[in-house]
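Asker: need a structure here:
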Amino acid sequence: MKRNVLTARQVATRLGVKLETVYAYVSRGVLQRTLADDGRTSRFDASEVDSLARHGRPRSGAARVGTVDVSLATSITEIHGDRLLFRGQDAIALARTSSFEAVAELLWSGSMPPSQPVWPSPPIGARVARKANAALPASTSPIERLAVITAALACAHPLRTDLRPATVAAHGRAMLATFVELLPEIRGAASRLSPDEPLARRLWPRLSALAATAERVAVLDDALVLLSDHELATSTLAARVAASARADPFAVVLAGLGAVSGPLHGKAALAVHEMLLHAAASSPELAFAQTVGEMDGNRVTYGFGHPVYRGVDPRAAHLLEVLGPLARREDRRLFDAVLAVARSHGAPHLNVDFALGALAFALKMPLGATEAIFAVARAAGWLAHALEEYGEAPLRFRARAVYIGPAFH
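Answerer: Predicted coordinates for the structure are as follows:
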């Protein structure tokens with residue numbers, strides 16, 4: 001018998017999966033097996049099993065026909081059952097106790113800062129970004145606006161190709177602070193704010209005309225924390241591919257913004273916000289019916305269902321909990337009515353897009369505010385993954401195509 005081989009049960013224990021899952025990996029080509037001398041017992045190479053354990057196992061229940069399932073090793077974010085962990089710390093607990101800036105520093109460096117970080121918008125690049133931003137029409141969406149601001153900032157930073165962690169983090173602070181500064185104001189209070197104010201406080205008057213009470217700003221900060229990263233979401237994978245080619249931090253964020261510009265990722269909460277406005281004007285039944293759609297033959301309901309959670313998205317549960325005391329009674333009744341209609345039609349558990357749309361609805365934000373919140377928050381995660389990817393061998397993403405076009409003649 002070869003040395004350094006494992007039985008199927010040993011593999012299951014090593015990977016933390018059921019025995020049936022091990023054989024499913026074999027059938028899908030994820031693991032290779034050989035047979036023992038008896039011709040029946042499976043044997044597995046220990047180094048291959050260890051590599052799979054280090055780099056992540058394929059997610060069960062997430063694959064659809066035609067999809068590509070990518071697993072990468074990361075020390076940034078873990079989804080453990082129905083818990084979300086940032087650098088090994090519970091994200092819900094972090095939202096309750098830490099600011100968005102502190103959590104971003106944690107994602108970037110692996111450790112919490114000793115005190116509350118202050119991110120004033122730096123002068124480098126701000127003039128160019130302001131001019132580019134001022135030239136945009138008022139109808140420009142938040143994601144499109146942030147993309148223009150990011151590109152303008154990049155042009156003003158000749159040292160943007162310095163990929164050392166401290167420099168990348170400095171660029172990240174500058175980028176996020178400038179994002180908040182240059183998003184259009186809903187009312188004139190933002191210009192009177194000190195640049196030493198927390199980002200959530202400076203962002204508030206660009207999202208809502210309601211007074212920036214401590215409770216409202218705290219809910220917004222919670223949303224920024226919980227949306228800052230979510231493992232290898234589509235936009236994060238795009239950011240990592242760009243970083244693998246050694247794109248600078250600004251280009252990495254542009255790659256992420258490109259991925260969230262479609263309706264199925266960063267803009268999903270916008271559909272929920274529209275549904276709630278429709279429900280308030282007509283009925284929950286009519287509004288919910290218009291939210292259900294089809295994608296590649298699969299039923300899609302914005303705000304419901306998530307491939308990595310079996311139950312309710314923990315981010316959604318927390319945001320709805322802290323939003324409850326701030327929402328009007330009639331708004332809470334509307335949310336309950338929509339959820340009841342969704343349950344009666346077999347919708348999956350609600351996800352963070354529903355909670356973010358509910359937050360925007362209850363706090364009187366305009367359509368598009370959810371995009372701004374999502375993009376500002378997730379940019380912190382894209383940069384964290386870029387920093388990690390810069391430590392890997394470059395250009396490691398090279399997918400191969402299976403040609404299905406006309407035969408060569």
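Asker: Quick check: chain neighbours aside, which residue is closest to Val241?
Answerer: Using C-beta to C-beta, 6 or more residues apart in numbering and skipping the chain neighbours, the partner closest in space to Val241 is Phe397 (4.9 Å). C-beta here means a position set from N, CA and C on the backbone, and glycine is covered the same way.
Asker: count of neighbours near the one you found?
Answerer: Phe397 has 16 neighbours, counted by other C-beta atoms under 10 Å.
Asker: That one contacts Ala239, correct?
Answerer: No. Using C-beta atoms under 8 Å, Phe397 is not in contact with Ala239, being 11.6 Å away.
Asker: which residues in the stretch 51-200 of the chain form helices?
Answerer: 91-97, 100-109, 126-134, 142-155, 165-182, 199-203 (DSSP state H, counting those that start in this stretch).
Asker: Reformat those as JSON lines; add mean pLDDT, mean neighbour count and distance to Arg40.
Answerer: Formatted as JSON lines, the helices of the stretch 51-200 of the chain follow (pLDDT from 0 to 100; neighbours: other C-beta atoms under 10 Å; distance: least, C-beta to C-beta, whole Å):
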{"stretch": "helix 91-97", "mean pLDDT": "98", "mean neighbour count": "19", "distance to Arg40": "46"}
{"stretch": "helix 100-109", "mean pLDDT": "98", "mean neighbour count": "24", "distance to Arg40": "48"}
{"stretch": "helix 126-134", "mean pLDDT": "93", "mean neighbour count": "16", "distance to Arg40": "67"}
{"stretch": "helix 142-155", "mean pLDDT": "97", "mean neighbour count": "21", "distance to Arg40": "56"}
{"stretch": "helix 165-182", "mean pLDDT": "96", "mean neighbour count": "21", "distance to Arg40": "52"}
{"stretch": "helix 199-203", "mean pLDDT": "96", "mean neighbour count": "24", "distance to Arg40": "61"}
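Asker: how about those helices, which one is nearest Glu48?
Answerer: With C-beta to C-beta as the measure, helix 100-109 is the member of the helices of the stretch 51-200 of the chain nearest Glu48 (30.9 Å).
Asker: between that closest one and helix 165-182, how big is the angle?
Answerer: If you take axes from the mean of the first three to the mean of the last three C-alpha atoms, to 10 degrees, helix 100-109 sits at 150 degrees to helix 165-182.
Asker: so what secondary structure elements neighbour helix 100-109?
Answerer: In terms of contact count using 3 or more C-beta pairs under 8 Å, 6 or more residues apart in numbering; DSSP states H and E, helix 100-109 is assigned the packing partners strand 83-86, helix 91-97, helix 165-182, helix 199-203, helix 214-227, helix 369-390.
Asker: Kindly reformat these as CSV containing distance to Leu319.
Answerer: Shown next, in CSV, are the helices and strands packed on helix 100-109 (distance: least, C-beta to C-beta, whole Å):
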stretch, distance to Leu319
strand 83-86, 12
helix 91-97, 9
helix 165-182, 20
helix 199-203, 14
helix 214-227, 6
helix 369-390, 11
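Asker: Of all those, which one is nearest Pro325?
Answerer: helix 214-227 (7.4 Å).
Asker: Quick one: residues in contact with that closest one.
Answerer: Residues outside helix 214-227 that contact it (C-beta atoms under 8 Å, 6 or more residues apart in numbering) are 84, 91-92, 94-96, 98-100, 103, 198-201, 203-204, 207-208, 210, 315, 318-319, 322-323, 325-326, 352, 356, 359, 363, 373-374, 376-378.
Asker: do stretch 354-367 as well
Answerer: In contact with stretch 354-367 (C-beta under 8 Å, 6+ apart) are residues 186, 207-210, 216, 219-220, 223, 227, 269-277, 280, 302-304, 313, 315-317, 319-320, 323, 326-328, 331, 335, 369-370, 373-374.
Asker: Now do the helices in the stretch 251-400 of the chain.
Answerer: With helices called from DSSP H, counting those that start in this stretch, the stretch 251-400 of the chain shows them at 268-281, 284-291, 314-323, 329-344, 352-362, 369-390.
Asker: Among the helices and strands packed on helix 100-109, which comes closest to Gly405?
Answerer: Of all the helices and strands packed on helix 100-109, helix 369-390 comes closest under C-beta to C-beta, at 32.2 Å.
Asker: Mind checking the pLDDT average for that closest one?
Answerer: Helix 369-390 shows a mean pLDDT of 98.
Asker: A strand includes Phe44, no?
Answerer: Yes. Under DSSP: H, G, I helix; E, B strand; the rest coil, Phe44 sits within a strand.
Asker: ok, back up a step: arrange the helices of the stretch 51-200 of the chain in TSV, one row each, with distance to Thr7 as further columns.
Answerer: Shown next, in TSV, are the helices of the stretch 51-200 of the chain (distance: least, C-beta to C-beta, whole Å):
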stretch	distance to Thr7
helix 91-97	37
helix 100-109	39
helix 126-134	59
helix 142-155	50
helix 165-182	42
helix 199-203	52
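Asker: so which of these gets nearest Ala401?
Answerer: helix 142-155 (28.5 Å).
Asker: what's the angle from the closest one to helix 165-182?
Answerer: Angle of helix 142-155 versus helix 165-182, following the same axes, to 10 degrees, is 130 degrees.
Asker: which helices and strands sit right next to helix 142-155?
Answerer: Against helix 142-155 (3+ C-beta pairs under 8 Å, 6+ apart) you get helix 126-134, helix 165-182, helix 249-260, helix 369-390.
Asker: Let's see that with 6 Å instead.
Answerer: Judged by 3 or more C-beta pairs under 6 Å, 6 or more residues apart in numbering; DSSP states H and E, the packing partners of helix 142-155 are helix 126-134, helix 249-260, helix 369-390.
Asker: Ok, which of the ones you listed comes nearest His157?
Answerer: Per C-beta to C-beta, nearest to His157 of the helices and strands packed on helix 142-155: helix 249-260, 7.1 Å.
Asker: coming back round to it: and the helices and strands packed on helix 100-109: which comes nearest Trp119?
Answerer: Once the helices and strands packed on helix 100-109 are compared by C-beta to C-beta, helix 165-182 is nearest, at 4.4 Å.
Asker: now the closest one against helix 249-260, angle please.
Answerer: 60 degrees.
Asker: Residues touching helix 165-182, excluding its own?
Answerer: Residues from elsewhere that reach helix 165-182 (C-beta atoms under 6 Å, 6 or more residues apart in numbering): 108, 119, 121-122, 129, 133, 146, 149, 199, 202-203, 249, 376, 383, 387.
Asker: how much does that helix deviate in direction from helix 369-390?
Answerer: Counting by the same axes, to 10 degrees, helix 165-182 points 170 degrees away from the direction of helix 369-390.
Asker: I am finished for the moment; much appreciated.
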